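**Q** Using only what follows, build the 3D model:
(one chain, ligands or ions: 1)
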Amino acid sequence: MAYQRHAARHAQNREDNASKFTAVCIGILCGLVLGWVVLETIDMMFTSSNVHYNPEAQLQDAVAPQTSLGRRAKEKFTQMLEKVEKAAGYAVSRPGMDGVSVKESLYNKGSNPTSAAATSASQESPRPATTQSPEIKLAGEPSTSESSSLSKNSSPLSSTASSTTSSTTLSSKPKGDTIHTLMTSSGSGYQNFQGRIMYGTYKIVQGMSGGDKLTGFTRILHRVKPDECMDEIPTFHAKPLHPECDVWCDFPVADRPNAVAQWVDSVKADPSKLLGAWVLLTECDYVWIKPMPVPGDAISSDVPGWQFHFGYIIAQHPDCAHIIKRLYGGGDPAEVPNSGPAPAILRFSELGFVMPFWEKVTAAIEADPEAVKVLGWVREMYAWDIALAQAKVKILTEDPPKSPLIAQPPADHTIGNAAMFHYTWGAIYNDTTHTVWRWEKRDFTQPTAALKPKLLPMPPEDWAPGKWHLQGNEQVTEEMHKTLASMIKRMNEAIDTLPDLTEKYKALQSA
Ligand SMILES: *[C@@H]1O[C@H](CO)[C@@H](O)[C@H](O)[C@H]1NC(C)=O
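**A** Numbering: from 1, shown residues only. As a prediction, the model looks like this:
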């Protein structure tokens, strides 16, 4: 009996111990699972707040993942940025845009020892011209008897007779003070978000005094499939060299020169497609503030076109000068301008003349692993610069605030003479503890971001000296603040006019 009671109690104890053990185990397991769920949730929160605009997330900078991010968030973020860069054709990691060097290029712009030499070098190229380029002569172009900067240089451009200008096109010849604007795009959501706003602001300034000189606009879409913006923005649909770039590819920008060449060819075949005597090359991330002036009468004067001096393009830099020299056929890198194919305004004949050089240099760079590595994401800009030098096309390369083309806030504090803003860099306002406002194009990378863009938050109104600083710790000055506000205001005016393209997008997706 006693034994039985003892055995029963023993069994009871064992049972109690077992269930206690089970409970503890379950508790630990639950704790682990709960902890994991909490950590993953936090991770996901950080991930999504990075991808979308979210001032509450108090993120310092969309360019470099911050230490406050979770491991997975960082991984996802890096992957996303890589995808964005590659799919969009814009370099998030362009020299001067990543990590530490963003500060250098934003805040020490003037301190580059080679920039002065570079600017003057871009004015004149003593190199003898090569003569392998075809003659291109169109409506709105100076005839060989008329003087031009090129004929004075006895460039091959003016040495061949005009053959394609027919009497029928002469009647519709664009006047010498008119501009045909070109914008290249891959048709990604990222570029369409920007491109729709760009074209929206273009239409606004077309209505201003002087806007009647903006006589043509063509988006050059390099993509296999049409996109949702075909009806909204006048589009020339170029066949891409790399069809895979519709979805994903290494360097979609490599398709740009060829896409522009296809447009040039189409104009040669049908000169009535040229709607201005000057051709203005632009990109999607521009904002028009006022009509662009022209360098002069394209037809009868010899004034050179204009392009923009980019501080981070330095053909003479010791790290790349030997590569530039090689690509330039042994020429002096000092003759290579420090610019890029946009923004640039030049005559159609000049563009047509540069085109074969630009395509050839681009191909040469892609076939040169050292050039690809060293010139990186901006190699398309160097390709343009080398091509210009080779073609001996003279274009004035100017800095802000003198440049009539663009200003790049917040690096540039005022618009200066510029007609457009270019928002390469974001602007993030912090007070002593928090992010109070943020504008960053890389927040709008989703394919759907472009379909019905929301109005952008304006910078806060209550500016005061020393109140806010930027991501690089520079104080937000009143001037810079007003400049940024004017850019966002104009973007919102354009966004307000944009129709919802969701249905169009869906139809294309299911087609
Ligand atoms: C800006 O504020 C955020 C928090 O809101 C912080 O993470 C970031 O480091 C700050 N950046 C600067 C440059 O002060």
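**Q** Helices along the protein, start to end?
**A** For the chain, applying DSSP state H gives helices covering 2-51, 71-88, 101-107, 115-121, 149-152, 167-171, 189-206, 256-269, 321-327, 348-366, 369-375, 379-391, 478-495, 502-510.
**Q** between those, which gets the lowest average pLDDT?
**A** Looking at the helices of the chain, the lowest mean pLDDT belongs to helix 101-107 (a mean of 25).
**Q** And the closest residue to Pro291 other than its chain neighbours, what's its pLDDT?
**A** Distances taken as C-beta to C-beta, 6 or more residues apart in numbering put Gly210 closest to Pro291, at 4.1 Å, once the chain neighbours are dropped. (Each C-beta comes from the backbone N, C-alpha and C, glycine too.) As predicted, Gly210 sits at a pLDDT of 97.
**Q** Give me the distance between Gly210 and Asp177.
**A** Distance, Gly210 to Asp177, using C-beta to C-beta, to the nearest Å: 10 Å.
**Q** Tell me which of the two has more neighbours.
**A** Per other C-beta atoms under 10 Å, whichever of Gly210 and Asp177 has more neighbours is Asp177, with 19 against 15.
**Q** What distance do you get for the closest residue to the more buried one other than its chain neighbours to the ligand?
**A** Spatial nearest neighbour of Asp177, chain neighbours left out: Val294 (4.9 Å); criterion: C-beta to C-beta, 6+ apart. Val294 sits 41 Å away from the ligand, going by C-beta to the nearest ligand atom, to the nearest Å.
**Q** and Val294, how many neighbours does it have?
**A** 24.
**Q** my guess is it contacts Lys213, does it?
**A** Yes. The criterion here is C-beta atoms under 8 Å, and Val294 meets it with Lys213 at 6.8 Å.
**Q** Pull up the overlap in contacts between those two.
**A** 177-179 (C-beta atoms under 8 Å, 6 or more residues apart in numbering).
**Q** The closest residue in space to Gln390 that isn't next to it in sequence and the ligand: what is the separation?
**A** Take Gln390 and drop its neighbours on the chain: the residue closest to it by C-beta to C-beta, 6+ apart is Phe357, 4.6 Å away. The gap separating Phe357 from the ligand is 43 Å, by C-beta to the nearest ligand atom.
**Q** surely Phe357 meets Ala387?
**A** Yes. Using C-beta under 8 Å, Phe357 is in contact with Ala387, at 3.7 Å.
**Q** would you list the shared contacts of Val294 and Lys213 in CSV and tack on pLDDT?
**A** Converted to CSV, the shared contacts of Val294 and Lys213 look like this (pLDDT from 0 to 100):
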residue, pLDDT
Asp177, 97
Thr178, 98
Ile179, 98
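**Q** just the residues you listed now: which is nearest the ligand?
**A** Nearest to the ligand among the shared contacts of Val294 and Lys213 is Ile179, at 39.6 Å by C-beta to the nearest ligand atom.
**Q** hmm, back to that, quick one: contacts for the residue nearest to Pro291?
**A** Neighbouring residues of Gly210 by C-beta under 8 Å, 6+ apart: 290-291, 293.
**Q** filter the residues you listed to the buried ones?
**A** Among the contacts of Gly210, those classed as buried by 16 or more other C-beta atoms under 10 Å are 290-291.
**Q** Same list, the contacts of Gly210, but as TSV with pLDDT please.
**A** Compiled in TSV, those are given as follows (pLDDT from 0 to 100):
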residue	pLDDT
Lys290	98
Pro291	98
Pro293	98
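**Q** In space, what's closest to the residue in the stretch 151-300 of the chain that the ligand sits nearest to - neighbours in sequence excluded?
**A** The nearest approach of the stretch 151-300 of the chain to the ligand comes at Asp285, 22.9 Å away (C-beta to the nearest ligand atom). Among residues not flanking Asp285 along the chain, Gln194 sits closest, at 4.6 Å (C-beta to C-beta, 6+ apart).
**Q** so what's whichever residue of the stretch 401-511 of the chain sits closest to the ligand closest to, chain neighbours aside?
**A** Of all residues in the stretch 401-511 of the chain, the one sitting closest to the ligand is Asn430 (3.6 Å; C-beta to the nearest ligand atom). Distances taken as C-beta to C-beta, 6+ apart put His469 closest to Asn430, at 5.6 Å, once the chain neighbours are dropped.
**Q** one step back: quick one: the residue of the stretch 401-511 of the chain closest to the ligand and Val436 touch, right?
**A** Yes. Counting by C-beta under 8 Å, Asn430 touches Val436, with 6.8 Å between them.
**Q** who touches both of those two?
**A** Common neighbours of Asn430 and Val436 (criterion: C-beta under 8 Å, 6+ apart): Trp468.
**Q** follow-up on the earlier one: what's the neighbour count on the residue of the stretch 401-511 of the chain closest to the ligand?
**A** Using other C-beta under 10 Å, Asn430 has 19 neighbouring residues.
**Q** Model confidence for Ala315, exactly?
**A** Taking Ala315 on its own, its pLDDT is 97.
**Q** No more questions from me, cheers.
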